[in-house]
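Chemist: quick one, structure for this:
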Amino acid sequence: MFRRRKQKTFLEKVREFIWPSAGWRRAGNYMKHRLARIDGTPYAIAAGFASGAAVSFTPFVGLHFIFAAVIAWIVRGNILTSAIGTAVGNPWTFPFIWAGSYNLGINLMGGEATDDLMGQLDLMFSSFTIVDLVNNPIEALGPFLTTVFLPMLLGGALIGASLWFFFYWPIYKLVSEYKINRMKRRQKNKKGM
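Modeler: Got it, this is the predicted structure:
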């Protein structure tokens with residue numbers, strides 16, 4: 001009943017995901033309404049989203065949903081909104097997130113950030129073979145873990161923890177106001193009947 005007459009092709013769906021045809025403002029308003037209408041308290045919704053957004057700053061790509069759900073469960077947040085919050089880390093933002101977390105982490109560890117991080121990674125990963133990785137993964141990945149992963153983890157954890165509050169407060173306010181206004185509209189409609 002509510003399907004499109006002409007289904008979008010795969011490429012059209014990808015383009016729509018990258019650049020919405022209705023515009024970013026409308027897509028943002030739609031997401032705002034969808035987020036505010038999720039069942040739960042304003043605290044749970046905001047804490048869940050903030051947990052997902054904070055986890056996006058860690059280098060555990062592929063595990064963000066799991067870590068976000070665990071953190072949301074710990075802080076009594078909404079697990080669904082934690083999954084939505086992981087969208088803060090996306091192909092558009094990951095280069096900035098990774099560069100910022102790496103630079104902060106390397107500075108906190110007393111090291112010196114390299115200008116050519118990709119070149120350093122290429123050199124590091126070309127220094128061992130798949131056989132080395134299978135036989136002794138700790139020795140093969142040791143340089144990567146100490147020079148890249150650990151600084152990104154430290155920097156990303158600090159940035160994510162501080163941005164948890166940055167995401168929490170506006171969403172808490174948005175959801176609170178939305179739910180209060182929705183309750184007022186429902187009461188007004190009941191009186192009008």
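Chemist: biggest helix in the chain by residues?
Modeler: Assignment by DSSP state H gives helix 150-192 as the longest helix of the chain.
Chemist: show me what it is packed up against.
Modeler: Packing contacts for helix 150-192, counted by 3 or more CB pairs under 8 Å, 6 or more residues apart in numbering; DSSP states H and E, involve helix 24-36, helix 42-55, helix 94-108. Heads up, the C-betas are built off the backbone N, CA and C, glycines and all.
Chemist: run the last query once more with 10 Å
Modeler: Judged by 3 or more CB pairs under 10 Å, 6 or more residues apart in numbering; DSSP states H and E, helix 150-192 is in contact with helix 24-36, helix 42-55, helix 79-85, helix 94-108.
Chemist: out of those, deepest packed?
Modeler: helix 42-55 (a mean of 27; mean count of other CB atoms under 10 Å).
Chemist: what's the angle from the longest helix of the chain to helix 94-108?
Modeler: Helix 150-192 runs at 130 degrees relative to helix 94-108, counting by axes from the mean of the first three to the mean of the last three CA atoms, to 10 degrees.
Chemist: if we can go back for a sec, quick one: which of the helices and strands packed on helix 150-192 is nearest Phe65?
Modeler: Of all these, helix 79-85 sits nearest to Phe65, with 5.5 Å by CB to CB.
Chemist: could I get the average pLDDT for that closest one?
Modeler: Across helix 79-85, pLDDT averages out at 93.
Chemist: packing partners for it?
Modeler: Counting contacts by 3+ CB pairs under 10 Å, 6+ apart, helix 79-85 packs against helix 24-36, helix 42-55, helix 64-74, helix 150-192.
Chemist: report the angle between the axes of the last one and helix 42-55?
Modeler: Here the directions of helix 150-192 and helix 42-55 differ by 150 degrees (the same axes, to 10 degrees).
Chemist: could I get the pLDDT score of Gly192?
Modeler: pLDDT for Gly192: 68.
Chemist: following element in sequence after the lowest-mean-pLDDT helix or strand in the chain, please.
Modeler: Lowest by mean pLDDT, DSSP states H and E among the helices and strands of the chain is helix 117-125, with a mean of 68. Remark: after helix 117-125, the chain's next helix or strand is helix 130-135, criterion DSSP states H and E.
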